[in-house]
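[1] I would like to see how this sequence folds:
(2 chains)
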Amino acid sequence: MASPSRAPDSADRIYFTLTALMGGVLLIYFASVPLLGLNVAFHFYLMLWITMASAFNVASGFAGYMPFGYVAFYGIGAFTTAILVKKAAFPVFLALPLSGVAGIVLALLFAPTLRLSGIYFGIVSLALAGICRLVITNMPEEITGGSFGLQLGSRAHPVQSFYVMMAVMVVALAVILWLSRSRLGKALRATRDDADAAEMMGVNVPIVRLWGWLISAFFPAVCGGVEAWYTNVVDTETAFNTLITAKTVIYAVAGGLGTVTGPVLGAVAMVWLDELIWRQFPLLNLLILGLATIVLVLFLPRGIVGTLLRKKPQWRRYIP
Amino acid sequence: MTVAIETRGLTKRFGGLVAVDKVDLRADAGETLGIIGVNGAGKTTLMNCICGLYRPDDGDVFVAGERVTGQPPHVVAHRGIGRTFQIPRVFRKMSLIDNLLVPVLDRKAHDAELIEQAEAMLERMQLIDLRHNHAEELSGGQQKLLEMARMLMPDPPIVMLDEPFAGVHPVLCKFMIDRIEETARAGKAVLLISHDLTSIYRLSSRVIALNQGRIIAEGGVDDIRGNPAVIEAYLGT
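    Numbering: from 1, shown residues only, chains lettered A, B, ... in the order given. All right, here's what the predicted structure looks like:
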């Protein structure tokens, strides 16, 4: 029988080396995009979707929820940044973390729904996102800009916002990487697999779920804020568009929920595919993307990384 | 002998059905208390009331003399009750090591130390070679062993085993019986639910028989074996 105490050390070394390598490549690549004159908009959105899918992974892959109303956090973040910058003259760099705080506050308001599970949670979450949208739409025009939304004026700075998006992505991935190996992460996964059994093993399920939920809410809210700054305009139609949730879910599922690399790979693969289809078949973009998603779910139900690890379970210890 | 666990007048109703009816039981440290009864007698419900999954309608549960009635399951678990389930409830998409770490997540010990303990426990249960597999990849019998290992990991003074031998191969059954005996010898109070009367009679120092939520007989193995009420409940004659 192999010595049980030696193997984890070497596995950990490979795990951390692989993580550092992948993180380094990702970082250098994205950092050089504006410097090399590559497509800034494409890469900005690629980072945004990596962050969104990874944060969604915490709620879904780690905690076992399927929040169909995930866009609510994104929308609230976008409007918080826009209102603070435009109406309260906050500097963008102060408004962005506050948009994350707004996401957390919203998550706390939604927290009672965490006692639901499965499809019931998904439907209630979708309804709550709809309510958020309605509330913002019906707020006084002087605050949210009504149907025209808010324009941030001369504050747009594509390259600065690109690098801020990169920083948000790096922080999100670092937090999720930590979570995947932390005690909180283990408690979340146990809760996902069997909440009653986890509770009887000493896990404080409501608290653990709440932490996962808050982490999962913070990053999309900041993403919404950064995107508002990048595009310079926010309106309820785009900020609360259900396609944002749909894309986030598809990218995360395509890569494989429950792993750190899964949603990153899923977002990279699907955003690239989306771009490719968009260029070749602009009129059939959504149709082809939908078909590609169906094929992916049919043949790789656990996503790219999930299927790979299913076939090669011995790699689980090496791949984040 | 120290009383490890005690219930007084424990009652649980589901609508008009009284699933557990004024049950008084007591198990001392190092004692194995067998709980027998036909299907629907209230054995698992009794266990669920003790560990906090169900809030009893009446009566109390005491762990080492302290009242834990109505406390949430995670608090009861921290008071020193570990349990297994009739149908294994392992954390399916977690490795065996991670499964064992879940009950000790609140410990201050360093992770490496806990992993070492988990590996020692898996070694004891002959699951060490599968330690990095996901629990869903184990057979039913192996999942029962994993549950037992997970239950023992935090070294609880009270363990409750719900049908540990159900659907398990005789060789594995013998292995589990040995582990249960070791556990009792280590000074833990063992509450053992089983339909397998042979194993119950072998392992238990005392037995209680439940029928329709009530204790119909209580005593040593020989008292229970010949008890007319138990025979009637089991055989209907």
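[2] near residue A:159, how many other residues are there?
    Neighbour count for residue A:159, taken as other Cβ atoms under 10 Å in any protein chain shown: 12. C-beta coordinates here come from the backbone N, C-alpha and C atoms, glycine included.
[3] contact partners of the particular helix or strand that has it in it?
    Assigned by DSSP states H and E, residue A:159 belongs to helix A:158-181. If you take Cβ atoms under 8 Å, 6 or more residues apart in numbering or on different chains as the criterion, helix A:158-181 is touched by A:19, A:23, A:27, A:30-31, A:33-34, A:40-41, A:43-44, A:47-48, A:50-51, A:54-55, A:57-58, A:62, A:96, A:185, A:188, A:215, A:219, A:222-223, A:226, A:229-230, A:259-260, A:264, A:320.
[4] and the strand or helix carrying residue B:46, what does it pack onto?
    Using DSSP H and E, residue B:46 falls within helix B:43-50. Helix B:43-50 sits against strand B:3-14, strand B:17-28, strand B:32-36, strand B:158-162, strand B:189-193, with contacts defined as 3 or more Cβ pairs under 8 Å, 6 or more residues apart in numbering or on different chains; DSSP states H and E.
[5] check contacts around residue 58.
    No chain in the question, so chain A it is. A:176, A:179, A:188, A:212, A:215, A:216.
[6] chain B is the one I meant
    Taking Cβ under 8 Å, 6+ apart, one finds B:9, B:10, B:11, B:22 in contact with residue B:58.
[7] quick one, grab the pLDDT at the spatially most central residue of chain A.
    For chain A, the residue sitting closest to the mean C-alpha position, by Cα atoms, centre = their mean, is residue A:52 at 1.9 Å. Residue A:52 is assigned a predicted lDDT (pLDDT) of 97.
[8] could you check how far it is from residue A:245?
    9 Å (Cβ to Cβ, to the nearest Å).
[9] for the top helix by length along chain B, give the mean pLDDT please.
    Longest helix in chain B, counting residues (DSSP state H): helix B:170-185. Averaged across helix B:170-185, pLDDT comes to 93.
[10] remind me what it packs against, helices and strands.
    helix B:140-152, strand B:189-193, helix B:197-203.
[11] got a list of contacts for the least confident helix or strand in chain A by mean pLDDT?
    None of the helices or strands of chain A scores lower by mean pLDDT, DSSP states H and E than helix A:285-299, at a mean of 84. Residues from elsewhere that reach helix A:285-299 (Cβ under 8 Å, 6+ apart): A:250, A:253, A:254, A:270, A:273, A:274, A:277, A:278, A:281, A:303.
[12] mind listing what's buried along it?
    A:285, A:288, A:289, A:292, A:293, A:296 (16 or more other Cβ atoms under 10 Å in any protein chain shown).
[13] show me which residues of chain B sit near chain A.
    Selection of chain B residues close to chain A by Cβ under 8 Å from any Cβ of the partner chain yields B:51-53, B:72-74, B:76-78, B:83, B:85, B:89-95, B:98-99, B:101-103, B:105-106, B:111, B:115-116, B:119, B:122-123, B:128-129, B:131-134, B:137, B:150, B:154.
[14] what do you get if the cut-off is 7 Å, keeping everything else the same?
    Contact residues (Cβ under 7 Å from any Cβ of the partner chain) of chain B with chain A: B:51, B:53, B:73-74, B:77-78, B:83, B:89, B:91-94, B:98, B:101-103, B:105-106, B:115-116, B:119, B:123, B:128-129, B:131-134, B:150.
[15] need the contact list for residue A:150.
    Contacts for residue A:150 (Cβ atoms under 7 Å, 6 or more residues apart in numbering or on different chains) come out as A:82, A:83, A:86, A:144, A:234.
[16] what's the closest non-adjacent residue to the last one?
    The spatial neighbour of residue A:234 that comes closest, neighbours along the chain excluded (Cβ to Cβ, 6 or more residues apart in numbering or on different chains), is residue A:82 at 4.1 Å.
[17] the helix or strand that contains that neighbour: what's the following helix or strand?
    Secondary structure assignment for residue A:82, by DSSP H and E: helix A:71-86. Downstream of helix A:71-86, the first helix or strand assigned by DSSP H and E is helix A:92-110.
[18] residues contacting the spatially most central residue of chain B?
    Nearest to the mean C-alpha position of chain B, by Cα atoms, centre = their mean, lies residue B:160 at 1.6 Å. Taking Cβ under 7 Å, 6+ apart, we find residue B:160 in contact with B:47, B:50, B:51, B:81, B:83, B:191.
[19] now do residue A:315
    Per Cβ under 7 Å, 6+ apart, neighbours of residue A:315: residue A:309.
[20] partners of the nearest residue to residue B:220 once chain neighbours are set aside in the sheet?
    Excluding its sequence neighbours, the residue lying closest to residue B:220 (Cβ to Cβ, 6+ apart) is residue B:206, at 6.2 Å. Beta bridges link residue B:206 to residue B:33, judged by DSSP bridges.
[21] and what of the one 5 residues further on?
    Beta-bridge pairing of residue B:211 under DSSP bridges involves residue B:214.
[22] also residue B:3?
    The partner residues for residue B:3, given DSSP bridges, come to residue B:28.
[23] per-residue pLDDT, it?
    85.
[24] would you confirm that it contacts residue B:29?
    No. Judged on Cβ atoms under 7 Å, residue B:3 makes no contact with residue B:29 at a distance of 8.1 Å.
[25] on that earlier part again, show me which of the buried residues of helix A:285-299 is closest to residue B:179.
    Residue B:179 has its nearest neighbour among the buried residues of helix A:285-299 in residue A:296, at 44.9 Å by Cβ to Cβ.
[26] ok so, going back, could you dump the helices and strands packed on helix B:170-185 into a markdown table with mean pLDDT and distance to residue A:130 added?
    Shown next, in a markdown table, are the helices and strands packed on helix B:170-185 (pLDDT from 0 to 100; distance: least, Cβ to Cβ, whole Å):
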| stretch | mean pLDDT | distance to residue A:130 |
| --- | --- | --- |
| helix B:140-152 | 95 | 42 |
| strand B:189-193 | 96 | 48 |
| helix B:197-203 | 89 | 56 |
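[27] deepest in the core, which of the ones you listed is it.
    When you average the neighbours per residue for each of the helices and strands packed on helix B:170-185 (mean count of other Cβ atoms under 10 Å in any protein chain shown), strand B:189-193 leads with a mean of 25.
[28] ok so, going back, let's have the helices and strands packed on helix B:43-50 in a markdown table, adding distance to residue B:172.
    Listed next are the helices and strands packed on helix B:43-50 as a markdown table, based on distance: least, Cβ to Cβ, whole Å:
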| stretch | distance to residue B:172 |
| --- | --- |
| strand B:3-14 | 27 |
| strand B:17-28 | 25 |
| strand B:32-36 | 19 |
| strand B:158-162 | 14 |
| strand B:189-193 | 16 |
